[in-house]
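J.: Provide a 3D model corresponding to the input given below.
(one chain, ligands or ions: 1)
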Amino acid sequence: MSITINIEHAKKAYGKNVVIENLSAQVKPGEFFTLLGPSGCGKTTLLRMIAGFNTIEGGEIKFDDRVINNLPPHKRNIGMVFQNYAVFPHMSTRENIAFGLKERKVREPELSNRVNEVLDKVQIRELAERMPSNMSGGQQQRIALARAMVINPDVLLFDEPLSNLDAKLRVEMRSIIRHIQQQAGITTIYVTHDQEEALAISDRIAVMYKGEIQQIDEPVKIYRKPKNLFVATFMGQTNILDVDIDNQDVAICGTNVHYHFDRIANQNHVHKGKLVVRPNDFTFADQGIEGTVVDRIFFGTITTYTLNTKIGELVVTRDVNEHMKEIGEVVHLDIPVNVVNVFEAEGHNLSIMGDVG
Ligand SMILES: Nc1ncnc2c1ncn2[C@@H]1O[C@H](COP(=O)(O)OP(=O)(O)OP(=O)(O)O)[C@@H](O)[C@H]1O
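T.: Presented below is the predicted three-dimensional model:
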């Protein structure tokens, strides 16, 4: 049975420096749960609290109903994969993977059977007798993954496991990790600062900033329905437009363009706000925000335009199959009101958090 991880009012301080004040979250059984946030926001600190490498200064961390605050790491039945692989350099692939099983007194033939099984899973059976120093980063990370999996852990923890790999290998490894995790159904927490990686691999994402969770949601909701401006701007490229709000009417400051937003719940009668438009949300139209194309970059499947407008530079991406605009051309931009989000100046999303439209 997969376990639930309950983090309840957790606090972490390094000496007098409180890094996490009061953090709560629940990771569901078998879930792939990602901690995403900028450098220094406390992702690794939280992961290490769950692993048992960090003390906990307040609150509780529970595996199902069992409080594990003071349980040493080796008694938590956790498999962990680090950024720097952390494989034993003096042991072969097979010995590295067998290590945890020997510590648990697993004997032959079960020992070899389990090692072989996991070698197949991470696709390095042919490298079983090789030493890590003769292996690539990607191969070493497969050893680390195999070593974490072979003990049948209750929880898998990943700390930026793909950061040292090149772009192509990162994509390959992330689908291996996801596939293996799904097959095994092990509750998993994964730390990354890479938004695309988080979107691609997770069941749910917790976006962290300054030791606090800003939002926990499925990837598509994090992207399409960010709770506040921080989440909106951290996830992918955005254009941020100042707007005047009158109930549900939203006027883009510095233009005569305005829209009616059915989805706005403006109980606080906010007047000033921010409209967040992703580059691929804009459409070219006959009317709307006027701008001149000053740059155009062709990326194969998409084209990115930079436009000069009265309200500053805007970035627009369009599908390559669309008729291309020329540099110097005057164009108009329309905004699909059911897709973009309007925020209070303080950062909260005014749009009704319903289904992702
Ligand atoms: N051992 C430590 N002693 C004192 N302060 C620490 C220690 N480890 C981390 N910190 C501080 O805690 C804060 C959170 O660090 P943490 O490493 O958890 O962030 P992170 O989100 O994982 O960042 P990164 O992606 O850069 O690793 C930072 O301000 C950091 O300087």
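J.: near the ligand, which residues of the stretch 151-300 of the chain?
T.: H193 (Cβ under 6 Å from any ligand atom). To be clear about C-beta, it is placed using only N, CA and C from the backbone, and glycine gets the same treatment.
J.: Point me to the residue of the stretch 151-300 of the chain nearest the ligand.
T.: Distance from the ligand to each residue of the stretch 151-300 of the chain (Cβ to the nearest ligand atom) is smallest for H193, at 5.0 Å.
J.: What's the local residue count around that residue?
T.: Look at H193: counted by other Cβ atoms under 10 Å, it has 18 neighbours.
J.: One more: A206?
T.: Residues near A206, counting by other Cβ under 10 Å: 24.
J.: So what are the sheet partners of the host helix or strand of it and their directions?
T.: Element membership for A206, per DSSP states H and E: strand 204-209. Partner strands for strand 204-209, per DSSP bridges, with pairing direction: strand 32-36 (parallel), strand 212-217 (antiparallel).
J.: next structured bit after the longest one?
T.: Once the chain leaves strand 212-217, the next helix or strand it forms, by DSSP H and E, is helix 219-224.
J.: So for that next one, what gets flagged as buried?
T.: For helix 219-224, a neighbour-count test (16 or more other Cβ atoms under 10 Å) marks P219, K221, I222, Y223, R224 as buried.
J.: dump the residue contacts of the first one.
T.: Listed by Cβ atoms under 8 Å, 6 or more residues apart in numbering, the contact set of P219 reads A198, L199, A200, S202, R204, I205.
J.: measure it to E103 for me?
T.: Relative to E103, P219 is positioned 37 Å away (Cβ to Cβ, to the nearest Å).
J.: cool, K227 as well?
T.: Computed with Cβ to Cβ, the distance linking K227 and E103 is 44 Å.
J.: which one of these two has more residues nearby?
T.: Legend: neighbour count by other Cβ under 10 Å for K227 and E103, higher for K227 (20 against 10).
J.: count of residues packed around the residue nearest to the more buried one when sequence neighbours are not counted?
T.: Nearest non-adjacent residue to K227, counting by Cβ to Cβ, 6 or more residues apart in numbering: Q215, 4.3 Å away. Residues within reach of Q215, counting by other Cβ under 10 Å, total 22.
J.: packing partners for the longest helix along the chain?
T.: As assigned by DSSP state H, the longest helix anywhere in the chain is helix 167-184. Judged by 3 or more Cβ pairs under 8 Å, 6 or more residues apart in numbering; DSSP states H and E, helix 167-184 is in contact with strand 32-36, helix 137-150, helix 195-201.
J.: Work out which residue lies at the spatial centre of the protein.
T.: Geometric centre of the chain, nearest residue: A198, 2.8 Å, by Cα atoms, centre = their mean.
J.: contacting residues for that residue?
T.: The contact partners of A198, taken as Cβ under 8 Å, 6+ apart, are T34, L36, Y190, T192, I205, P219.
J.: three-state assignment of the third one?
T.: Local secondary structure at Y190 is given as strand here, using DSSP: H, G, I helix; E, B strand; the rest coil.
J.: And the pLDDT at Y85?
T.: We note a pLDDT of 77 for Y85 in this prediction.
J.: ok, the residue lying closest to it once chain neighbours are set aside - how many residues close by?
T.: Among residues not flanking Y85 along the chain, Q140 sits closest, at 4.3 Å (Cβ to Cβ, 6+ apart). Residues within reach of Q140, counting by other Cβ under 10 Å, total 23.
J.: related to what we said a few turns ago, I'd like the contacts of A198 as TSV, with pLDDT appended.
T.: Formatted as TSV, those follow (pLDDT from 0 to 100):
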residue	pLDDT
T34	98
L36	97
Y190	97
T192	95
I205	98
P219	96
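J.: can I get these in a markdown table with distance to N69?
T.: A markdown table is the format used below for those (distance: Cβ to Cβ, whole Å):
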| residue | distance to N69 |
| --- | --- |
| T34 | 23 |
| L36 | 25 |
| Y190 | 22 |
| T192 | 26 |
| I205 | 25 |
| P219 | 31 |
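J.: what stretches of this protein score poorly on pLDDT?
T.: Scanning the chain for pLDDT under 70 picks out 266-268, 270, 351-357.
J.: Identify the residues contacting the residue nearest to K227.
T.: Taking Cβ under 8 Å, 6+ apart, we find Q215 in contact with A206, V207, I222, P226, K227, N228, V231.
J.: out of those, who's nearest N280?
T.: Using Cβ to Cβ, P226 is the member of the contacts of Q215 that lies nearest N280, at 15.7 Å.
J.: I'd guessed that closest one sits against T238; true?
T.: No. Contact between P226 and T238 fails when scored by Cβ atoms under 8 Å: they sit 9.5 Å apart.
J.: Pull up the overlap in contacts between those two.
T.: Jointly contacting P226 and T238 under the rule Cβ under 8 Å, 6+ apart are A232, V276.
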